[in-house]
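Asks: sequence and predicted model, in that order:
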Amino acid sequence: MSVLRRLAYPTMLALLLSGSWAFSATAWSSFGESCGSSYLVCVFANDNYADPHATTNDSDSNYSGDVYYNSNGQSINDSINSMQNWYSAQDVTFHGDANQSGSSFCVDSFYGYTSINFFLRDTFSSHQVGADDNAC
């Protein structure tokens with residue numbers, strides 16, 4: 001057996017046992033950066049971009065367990081009321097269900113909504129950053 005193969009099995013086992021094997025890791029910022037600075041997808045629990053907020057540069061297939069920055073653990077799931085997309089050439093589509101499914105709402109690049117309409121308020125559970133600016 002090759003050296004690489006002998007090392008691969010213990011490494012995979014260690015990753016599985018340590019919980020470091022992440023299939024869909026989400027990188028919501030835990031530092032409270034303002035939107036548009038380092039992070040380009042911004043969501044807010046309140047209208048008019050009012051805190052609490054959360055920022056990321058990635059898609060997120062499931063908001064379950066994700067919380068707003070400095071909010072004492074307030075869940076992002078089913079709580080978004082305003083959002084911003086600071087990508088210059090990528091649309092962001094928000095979905096009502098996990099795994100980018102259910103009803104969807106597209107936010108064009110360099111655009112935001114200070115208030116989401118009544119039927120979509122507090123409904124989003126995932127979002128997907130588009131590969132380009134053609135989703136909306």
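Replies: Structure's in. What do you need? Residues are numbered from 1 along each chain as shown.

Asks: contact partners for residue 55?
Replies: By CB atoms under 8 Å, 6 or more residues apart in numbering, the residues touching residue 55 are 28, 29, 33, 34, 35, 38, 39, 40, 41, 42, 43, 69. From N, CA and C alone the C-beta is placed, and that goes for glycine too.

Asks: pick out the lowest-pLDDT one from these.
Replies: Lowest-confidence member of these: residue 33, scoring 80 (pLDDT).

Asks: ok, now which ones touch that one?
Replies: Residue 33 touches 39, 55, counting by CB under 8 Å, 6+ apart.

Asks: would you mind measuring from it to residue 27?
Replies: As defined by CB to CB, to the nearest Å, residue 33 lies at a distance of 12 Å from residue 27.

Asks: same deal with residue 67?
Replies: 14 Å.

Asks: neighbour count winner among those two?
Replies: Taking neighbours as other CB atoms under 10 Å, residue 67 and residue 27 compare with residue 67 leading, 18 against 11.

Asks: correct me, but the more buried one touches residue 79?
Replies: No - Residue 67 is beyond contact range of residue 79, at 9.8 Å (criterion: CB atoms under 8 Å).

Asks: would you state the strands of the chain in chain order?
Replies: 41-44, 53-56, 82-85, 92-97, 101-107, 111-113, 126-129 (DSSP state E).

Asks: mind listing what the residue most central in space within the chain touches?
Replies: The structure's the chain has its C-alpha centroid closest to residue 60; by CA atoms, centre = their mean the separation is 3.9 Å. Residues in contact with residue 60 (CB under 8 Å, 6+ apart) are 26, 28, 66, 126, 127.

Asks: would TSV of those with neighbour count and distance to residue 100 be doable?
Replies: Listed next are these as TSV, based on neighbours: other CB atoms under 10 Å; distance: CB to CB, whole Å:
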residue	neighbour count	distance to residue 100
26	17	13
28	19	17
66	17	15
126	24	5
127	25	8
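
Asks: the chain: helices as residue ranges?
Replies: 3-18 (DSSP state H).

Asks: shaky segments in this protein?
Replies: 1-26 (pLDDT under 70).
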